[in-house]
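A.B. asks: how would this look folded up:
(2 chains)
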Amino acid sequence: MFDRRRGRILLAVLTLVSLVLLTVDSRAGRTGPLAQVRDGVATIFGPVQDGVATVVRPVGGFFEGVGELFDLREENARLRARLEELEQRRRSFEDLVRENSNLRRLLDTRGTLRARDDAYELLAAEVIALSPSNFEWTITIDVGSDHGVATDMTVMNGDGLVGRVVQVGPTVSRVLLAIDPNFAAAARVARTGENGVVEGADTDPLRLSLFDAEGEVETGDEVVTSAYENGTFPDGIPVGVAEVVAEPTSGEAREVTVRPYVAFTRLDAVLVVLRRPPPTDLPTPARRPASPTPTVPSTEEAGT
Amino acid sequence: MIRAAVIGLALVTAAVLQTALFPHLPLAGYRPDLLLLVSAVFALRDGPVTGVAVAFAAGLLADLLLVQPAIGLTAAVYVAVAYAVGVVRPYIAHGSVAASTAVAFVTGLVATAGYAVLSRLLGDPRYGVTLIVQGSLAVALYNTLVSPAAVALVDRLSDRFPPERTAPL
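C.D. replies: Numbers count the residues shown, from 1 in each chain, chains lettered A, B, ... in the order given. A predicted model of the protein is given here:
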């Protein structure tokens, strides 16, 4: 009986403390004292998680391998198709490079423009942990402010856009993945240049809302990030492929379902964009001005 | 004091496993909630006082390892669930495998659903009915699967470092 009464008192006190913390943290946001405690915890846990990740990665790989054993034939066929697709993309990429080079010469731009890749400063990082929650899509990477990482930096890998840095400690950082429902980025359809906002939708494909309700887009069109109005993300990082395109409407936006290139459940190594090339004043032939006037979400998490 | 440190170490271990190991071993895309499981097993074994205290520490740790939700939400959910387990403890057969399995399943279900519903009420739009049902069931099942290991660990810790006073059954 005594234990139960103590339990009730403790329940009341700790629930009250939880509610106070909840209120304080909600009001203070990312700059409050509790956010600094979070940074501290991330820094302390980082090396431990890094060590455990190094040890368990082969174990996890083994179990994943066993799980995929039965799908190998299908996987093989899919990879062959992907290889052909990439071959074609490489050819078209070379064509684009040639066209780009010709256009630059025609426009007589400032003599020595560096190749686009050279102008980016990228930092390789390893994924050491995922969020403890099943409902939050974040990863912890093994680089932080000591390595030059800052909040809102773009994170990508060889396939495309991974996410955005949302929390930085001295040696570790947390990245909000593009599939998280609180993620948003300015994006455009590569073929037509239609601008919009791409948002995460949990484990479902991403959602692209085109500013122009009658914007031109087809199934299979590639979606890339846009540096629209000097947005957070560098221009042209592949996001995914348009999968389902809603009919044009007279409403405010046209909805497109986008299948992401990145396999978010199998992230291993990523690249943080430390610095990107300064915005160029060259006209981009593929892009057209968006119409009507775009409205980018102004939520805290919208990284546009 | 030593007991508190040992429980703290157990929670840190659970958190590290939850973030670094189990993401590689998903069940239907979901991971177990080890911090919740450890709290529930402590409540089942040692009563509501220990359960609520451990649950608060575990919830706070989970909150600090997250990025988006406000700190305190997970702690509040864990505390409520652990207290409920502690209260029904006298009516559950001590040491019963079936009892600990049932507790792991029910707490996984209730805590995950409770967390999602509270988050939705606080304005997070991601939690639809399908996600809540799917996520709660998956976590409940996964927690049930790993509960024998958690029970063995907590039993061992509590035997080695017993609480000052255990509630009568």
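A.B. asks: centroid residue for the chain?
C.D. replies: Just so you know, I chose chain A. Nearest to the geometric centre of chain A sits residue A:163, at 2.0 Å (C-alpha atoms, centre = their mean).
A.B. asks: looking at chain B here, not the other one
C.D. replies: Centrality entry for chain B: nearest residue to the mean C-alpha point is residue B:36, 1.2 Å, by C-alpha atoms, centre = their mean.
A.B. asks: which SS state does that residue fall under?
C.D. replies: Assigned by DSSP: H, G, I helix; E, B strand; the rest coil, the conformation of residue B:36 is helix.
A.B. asks: is it correct that the residue nearest to the centre of chain A is in contact with residue A:173?
C.D. replies: No. Using C-beta atoms under 8 Å as the test, residue A:163 is too far from residue A:173 to be in contact (10.8 Å). Quick note: C-beta positions are derived from backbone N, CA and C, even for glycine.
A.B. asks: low-scoring pLDDT stretches of the chain, where are they?
C.D. replies: If you meant another chain, say so; for now it's chain A. Per-residue confidence for chain A (pLDDT under 70) gives these ranges: A:1-2, A:30, A:58-71, A:87-95, A:97-119, A:229-230, A:249-251, A:276-304.
A.B. asks: can you look at chain B instead?
C.D. replies: Screening chain B residue by residue with the criterion pLDDT under 70, one finds the ranges B:165-169.
A.B. asks: the helices in it, which residues?
C.D. replies: With DSSP state H as the definition, chain B shows helices at residue ranges B:2-16, B:34-46, B:48-65, B:73-88, B:97-121, B:129-160.
A.B. asks: dump these into CSV; add distance to residue A:37 as well.
C.D. replies: Output for these, formatted as CSV (distance: least, C-beta to C-beta, whole Å):
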stretch, distance to residue A:37
helix B:2-16, 15
helix B:34-46, 17
helix B:48-65, 6
helix B:73-88, 13
helix B:97-121, 20
helix B:129-160, 26
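A.B. asks: right, and those helices - which one's nearest residue A:51?
C.D. replies: Shortest separation from residue A:51 across these is recorded for helix B:2-16, at 9.0 Å, computed as C-beta to C-beta.
A.B. asks: and the residue in chain B positioned nearest to chain A, how many neighbours?
C.D. replies: When distances are taken as C-beta to the nearest C-beta, chain B reaches nearest to chain A at residue B:24, 2.4 Å away. Residue B:24 has 20 neighbours, counted by other C-beta atoms under 10 Å in any protein chain shown.
A.B. asks: kindly report the same for residue A:24.
C.D. replies: Other residues near residue A:24 come to 15 when the count uses other C-beta under 10 Å.
A.B. asks: in a helix, it, correct?
C.D. replies: Yes. Residue A:24 sits within a helix when classified using three-state DSSP.
A.B. asks: contact partners for the residue lying closest to it once chain neighbours are set aside?
C.D. replies: Of all residues not flanking residue A:24 in the chain, residue A:34 sits nearest, at 6.3 Å (C-beta to C-beta, 6 or more residues apart in numbering or on different chains). Residue A:34 makes contact with A:21, A:24, A:25, A:28, B:71, according to C-beta atoms under 8 Å, 6 or more residues apart in numbering or on different chains.
A.B. asks: so residue A:34 versus residue B:43, what's the distance?
C.D. replies: Note on residue A:34: its distance to residue B:43, by C-beta to C-beta, to the nearest Å, is 26 Å.
A.B. asks: tell me the SS of residue A:274?
C.D. replies: Taking three-state DSSP, the label given to residue A:274 is strand.
A.B. asks: residue B:29 against residue A:264, yeah?
C.D. replies: No. The pair residue B:29 and residue A:264 does not pass the contact test of C-beta under 8 Å, sitting 10.8 Å apart.
A.B. asks: the strand or helix carrying residue A:125 pairs with which strands, and in what direction?
C.D. replies: Residue A:125 is part of strand A:121-130, with elements assigned from DSSP states H and E. Each strand paired with strand A:121-130, and its direction, by DSSP bridges: strand A:138-141 (antiparallel), strand A:269-275 (antiparallel).
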